[in-house]
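Student: Here is a sequence with its predicted model. Questions after.
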Amino acid sequence: MNFDPRLTNRDFTSVGTRPIRPDGIDKVTGRARYGADFNMAGQLVGRVLRSPHAHAVIRKIDTSKAEALPGVKAVITAADLPDLTNGDSALYDILDNCMARKKALYDGHAVAAVAAIDARTARQALKLIEIDYEVLPHVTDVDEAFKHTAPLINEAIFTEGLEEKPVKPSNVHKRTQYGHGDIHKGFAEADFVIERSFRTEQTHQGYIEPHACVASVSADGTAELWVCTQGHFVYRQHCAQLLGMEASKLRVTSSEIGGGFGGKTHVWAEPVALALSRKAGRPVKLVMTRDEVFRASGPTSATSIDVRIGAKKDGTITAAEATLRYSCGPYAGMWAEVGAMTAFACYKLDNVRTVGFEVLVNRPKTAAYRAPSAPMAAFAVESTIDELAGKVGMDAVDFRIKNAAQEGTRASYGPVYGPIGIGPTLEAVKNHPHMKAPLKQNQGRGMACGFWFNFGGQTCVDLNIGMDGSISLAVGTVDVGGSRASLSLVAAEELGIDYSQVKAIVADTSSLGYNDMTDGSRGTFSSSMATISAARNAIRILRERAAQMWDIPVDDVVWEKGHALARGEKYGNLSPLSLKEIAAQSGTTGGPIAGHSELVADGAGVSFATHICDIEVDPETGSTRVLRYTVVQDAGKAVHPTYVEGQYQGGAAQGIGWALNEEYIYGKDGRLQNAGFLDYRIPVCSDLPMIDTQILEIPNPNHPYGVRGVGETSIVPPLAAIANAVSNAVGVRMTHIPMSPPRILAALEASASAHDA
Amino acid sequence: MAGVAVSTTINGDHVEYLCQPDETLLEVLRDRLGLTGAKEGCGTGDCGACSVIVDDRLVCSCLVLGAEAEGRQVETIEGMAHGEKLHPLQQKFLEHAALQCGICTPGFLIAAKDLLAKNPDPTEEEIRFGLAGNLCRCTGYDKIVRAVQDAAGVMRG
């Protein structure tokens, strides 16, 4: 890779403007095709049978009656997805999650599937499948599962990361630890110490589009998959491995995606759809119901977190520690580890230690959810920080500013920071009019900070120049929220042409090299880096062609504002050649002109945000209302500021739902009781105020334009900001998310009876 | 089950189809007529992604039977623009970036059109409650509300 990704100072022409997105017109006219909007000739309808038990041995499955039903073309069980994982335990867990092999591990775990001529026949067939279950004791609560007495979910799990391998299996898959310094010494130096325990309940990403795909396996062993996904190349890899195919024989096309937020980074039903198609010999369309989406896809971890932080009288934090227990569903995970890494990332700490425990429970396999694991850790830490600031007698913002990480700070999770935005976001909040606005009775204001790593990863772009000089930009990162607009802006910027001359598409897996998923806020960061690289490669060719057309040395040709210019007085009679003019001659100067780029987009700049929230609490009912909300976040460089604002607003709204309403509620029988949008209530339009945003731009030194990922950080502060606001409004420290009316009432009553006593 | 013969009007065009008695209007639109602009987000009337207008009434097409469309006027997202000329709401949704993933957008546009037909000059609160039957998980609704406010102004002239 002959490409220098370092930041260069430049004045932007296209980047930073706000044009209409290229995929917009299809989305407002209903023409855009999502996962369920695609059909193939002869297509069957696939449906999945799911376990009603939270934990049960599958003794026997009898599919004969279902197979005999007219119109049924295939019935599959785990036997039709043989184990080809070759000892890869992570891949085995994916396989087992797609179709239970020996045990059903949660309410909603897939146990069999059918393909039939229509939905009614398929549903009828599911009822004819007979399964003999041996129901086992289950555990769905993270703290209960942590206990030695809890029902054991996987007998092969012996806690990793302990000094000695335990003699008995448990539900704790792994212990991880981060930090530096000496926390005992640090706490001994503290004048004030706050210690608190917190809980957050499990939430779902809540994308409005259920998982959907159309799978078509041909008799020659090749296959096609149309699917809504955040990463079609990763889906191809997983599906091909699980079905025993070569990756190149499986062509995966990503549809428009109706929201993912991390939930569409994992295969769920796609291998099942392919297995059904293989068995039936016909294309199969498989679309999850909303009930299935809740019971069997997503969600994020439920958590239980203990935090202890100490500070001197002058406000300097001397030590910080946290113990984080995160549920990861019935399989091994890495969620508490990520929480342990992010927990104290906003602060400059000499003595810090975080310990994470991955806890198995009989709930769906935990999936990534927007800055996965960080919001819960931030809730616990930022709540404690607020309380400690009060104890020290400092303003909450000033206390954070005093202890904020800076360039050169060693992060609690290891690396040393470059230029970062935590200090600037705090200063912006301190000076924001929102902080000075008056509050009325029963109202409270809270603020909190958040951090996310951001990710770069493998990325590939093709930039093809047509004979008419228009640009086809083929990218491999799925567009989850407007990245085709931002990448078109970047191509236009680099080539010096107008945005309208560029058309960006997301290419399928057979048309472009491998790309990692759109996760880690990497879509615009990494694909813009590859787009810049591809454009520079194209410019090199354009200069060569111009030199050829002029018959002068290529070193005398420069590229400026979309034109080749001959440099030097001796070429005074040569008029600039536009990209269009060069493209028009390409057939006679060496053929098609294109720029390609394959790279690993290293150097994703870390991201910080600080949020402010005003809340009103009704002391009689415990209900809450968000009155005002402000997001301040560092974008590095906002390529399309409107969509950056959109990311800030969307993350805040999801965080508001998580903080106040949303939670998975399990019955004693281990079944999910609110698997629908009526009972799992995400914020609606009338629940929210306008969400104000302030974009800061502290350039990322590792990207040519200074871009940082912006998608995830915005969901990190809200839980804590809102908890601090509610705590300030009611005068009681809120330690359990969501702060639903019954929990707020209970806190108020406990506080009142404590005062009475 | 025997199919039900239905004669109806969809986006101004006369349409006839056969459907099962238990088949929803959403299934008919999507699976029989190829009008996939209405989306199924839940199938239980909670998300509004399948919103259509039937005889001037905003409905979730997943809660209406295909057979109930007999003799009625059905309006879907596919009928909102006139040829290449976008409806002001469509244009303002684009200009304000009132969509990210876009799956909820057809439902929001239909619901907003219905809202403005009944209340051409709504307050922010009236817009927020008028669109409370439509779920969006991407935008936080801010830009949607602004787009509807702007479009209402344009439509009032």
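Tutor: Now that the structure is in, tell me what you want to look at.
Student: what's around the nearest residue to B:Ala67 once chain neighbours are set aside, how many residues?
Tutor: Residue nearest to B:Ala67 in three dimensions, not counting chain neighbours: B:Val4, with 4.5 Å by Cβ to Cβ, 6 or more residues apart in numbering or on different chains. The C-beta positions use only the backbone N, C-alpha and C, and glycine is treated the same way. B:Val4 has 17 neighbours, counted by other Cβ atoms under 10 Å in any protein chain shown.
Student: Around B:Ala2, how many other residues sit close by?
Tutor: The burial count for B:Ala2: 7, using other Cβ under 10 Å.
Student: OK, contacts around it?
Tutor: By Cβ atoms under 8 Å, 6 or more residues apart in numbering or on different chains, the residues touching B:Ala2 are B:Pro21.
Student: per-residue confidence for it?
Tutor: We have a pLDDT of 85 for B:Ala2.
Student: neighbours of A:Arg540, just the number please.
Tutor: Neighbours around A:Arg540, by other Cβ under 10 Å: 14.
Student: Could you check which helix or strand contains it?
Tutor: helix A:523-550 (DSSP states H and E).
Student: Tell me the first helix or strand C-terminal of that helix.
Tutor: Downstream of helix A:523-550 (by DSSP H and E), the next one is strand A:557-560.
Student: which other residues reach the helix or strand that comes right after that following strand?
Tutor: Once the chain leaves strand A:557-560, the next helix or strand it forms, by DSSP H and E, is strand A:563-566. For strand A:563-566, contacts defined as Cβ under 8 Å, 6+ apart pick out A:496, A:542-543, A:545-547, A:550, A:552, A:556-559, A:574, A:576-579, A:582.
Student: rerun at 7 Å
Tutor: Strand A:563-566 is contacted from outside by A:542-543, A:546, A:550, A:552, A:556-558, A:574, A:576-578, A:582, using Cβ atoms under 7 Å, 6 or more residues apart in numbering or on different chains.
Student: Same check on stretch A:192-203?
Tutor: A:187, A:299-311, A:327, A:363, A:376, A:379-380, A:383-384, A:387-388, A:391-392, A:658, A:662-664, A:719, A:735-738.
Student: which ones are touching whichever residue of chain B sits closest to chain A?
Tutor: Closest to chain A within chain B is B:Gly37: 2.2 Å, counting by Cβ to the nearest Cβ. Contacts here follow Cβ under 7 Å, 6+ apart; on that basis B:Gly37 touches A:Gly30, B:Thr76, B:Ile77, B:Glu78, B:Pro106.
Student: The fourth one reaches B:Thr36, doesn't it?
Tutor: No: counting by Cβ atoms under 7 Å, B:Glu78 does not reach B:Thr36; the two are 8.9 Å apart.
Student: Please say which of the two ends up with more neighbours.
Tutor: Neighbour count, other Cβ under 10 Å: between B:Glu78 and B:Thr36, B:Thr36 has more, with 23 against 20.
Student: Please name the nearest non-neighbouring residue to the more buried one.
Tutor: That would be A:Asp37: by Cβ to Cβ, 6+ apart, it lies 4.2 Å from B:Thr36.
Student: okay, now that neighbour: neighbour count?
Tutor: A:Asp37: 23 neighbours (other Cβ under 10 Å).
Student: picking that back up, now the contacts of stretch A:192-203: which count as buried?
Tutor: Among the contacts of stretch A:192-203, those buried by neighbour count (16 or more other Cβ atoms under 10 Å in any protein chain shown) are A:187, A:299-311, A:327, A:363, A:376, A:379-380, A:383-384, A:387-388, A:392, A:658, A:662-664, A:719, A:735-738.
Student: Endpoint to endpoint, stretch A:14-28 covers what distance?
Tutor: Terminal residues of stretch A:14-28 are spaced 24 Å apart (Cα to Cα, to the nearest Å).
Student: Also stretch A:258-275?
Tutor: Rule used - Cα to Cα; the end-to-end distance of stretch A:258-275 is 25 Å.
Student: Help me see whether that stretch makes contact with chain B, please.
Tutor: Yes: where contact is defined by Cβ under 7 Å from any Cβ of the partner chain, part of stretch A:258-275 touches chain B, namely A:Gly258, A:Gly259.
Student: thinking again about what came up before, so which of the contacts of stretch A:192-203 sit within strands?
Tutor: A:Thr303, A:Ser304, A:Ile305, A:Asp306, A:Val307, A:Arg308, A:Ile309, A:Gly310, A:Ala311, A:Ser327, A:His736, A:Ile737 (DSSP state E).
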